[in-house]
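**Student:** got a predicted model here, sequence first, then my questions.
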Amino acid sequence: MSDVSLREPQQDRSRATRQRLLEAAVESLADVGYAATTVAVVAARAGVSRGAAQHHFPTRADLFAAAVEYMTEVRLAEIRAATLPTGPGRTEAIVSLLVDVYTGPLFRAALHLWVAASTEEALRSQIVRLEERVGRRAHRALLDVLDVSERTPGVRETVQGVLDMARGLGLADLLSDDSARRRGIVRQWSRILDQALLSSGV
């Protein structure tokens, strides 16, 4: 058996281990918060040794930042790949998908990281950089599914407003089920978005 054929299964196993660690890190952050989510806890959830976890992610901050970025990419890919209706209900379906991201475990995990980063300088520098990247990707994903260009005056601000609204709904949903009120807000924001894009000539 060639060296190449031996390396490929090893690389596959390494990728699978890394993915399990990233998913476990987000799940643990969302379930028990930052303080209780140690590398050992994440490794146990992922079914790997602590040494294997530290091989992939030398520090706890490296693991958490990579986990949130990875899961964000997964969720944004799901939005891009979603089967969306055509016609008047399309915008509301898009906004609903986006709000689901901000009211799910990924947002809760990210929020725990933001709070911890406000008092831990080493973590803060990583999370600030992460937020910049994630913010740009979320903005681009929403532009793509809406099929609009931010070169059109007003579109950039309107799309960013929808992202900020979704984040606010995520915060409102943290302590109690806000789904009933949220549906009406999503419907109204979708109308506002359609009107704003129409007035921009999009």
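**Tutor:** Done, it's in.
**Student:** now do the helices in this protein.
**Tutor:** Ranges of helices in the chain, per DSSP state H, are 3-32, 39-46, 50-56, 60-81, 90-102, 105-117, 121-146, 155-172, 179-199.
**Student:** I'd like to know which elements the first one is packed against.
**Tutor:** Meaning helix 3-32. Contacts defined by 3 or more Cβ pairs under 8 Å, 6 or more residues apart in numbering; DSSP states H and E place helix 3-32 against helix 39-46, helix 50-56, helix 60-81, helix 105-117. All C-beta spots, glycine's among them, are computed from the backbone N, C-alpha and C.
**Student:** with the fifth one instead?
**Tutor:** Packing partners of helix 90-102 (3+ Cβ pairs under 8 Å, 6+ apart): helix 60-81, helix 121-146, helix 155-172, helix 179-199.
**Student:** out of those helices, which gets nearest to residue 114?
**Tutor:** helix 121-146 (6.5 Å; Cβ to Cβ).
**Student:** okay, the angle between the closest one and helix 90-102?
**Tutor:** Put simply, helix 121-146 runs at 160 degrees to helix 90-102, going by axes from the mean of the first three to the mean of the last three Cα atoms, to 10 degrees.
**Student:** any chance of CSV for the helices and strands packed on helix 3-32, columns mean pLDDT, mean neighbour count and distance to residue 141?
**Tutor:** What follows is the helices and strands packed on helix 3-32, written out as CSV (pLDDT from 0 to 100; neighbours: other Cβ atoms under 10 Å; distance: least, Cβ to Cβ, whole Å):
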stretch, mean pLDDT, mean neighbour count, distance to residue 141
helix 39-46, 96, 19, 27
helix 50-56, 92, 16, 26
helix 60-81, 87, 19, 4
helix 105-117, 90, 20, 14
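**Student:** let me have those helices in a markdown table, extended by distance to residue 133.
**Tutor:** Formatted as a markdown table, the helices and strands packed on helix 3-32 follow (distance: least, Cβ to Cβ, whole Å):
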| stretch | distance to residue 133 |
| --- | --- |
| helix 39-46 | 22 |
| helix 50-56 | 19 |
| helix 60-81 | 7 |
| helix 105-117 | 13 |
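**Student:** residue 147: which of those helices is closest?
**Tutor:** With Cβ to Cβ, the closest approach to residue 147 among the helices and strands packed on helix 3-32 belongs to helix 60-81: 11.5 Å.
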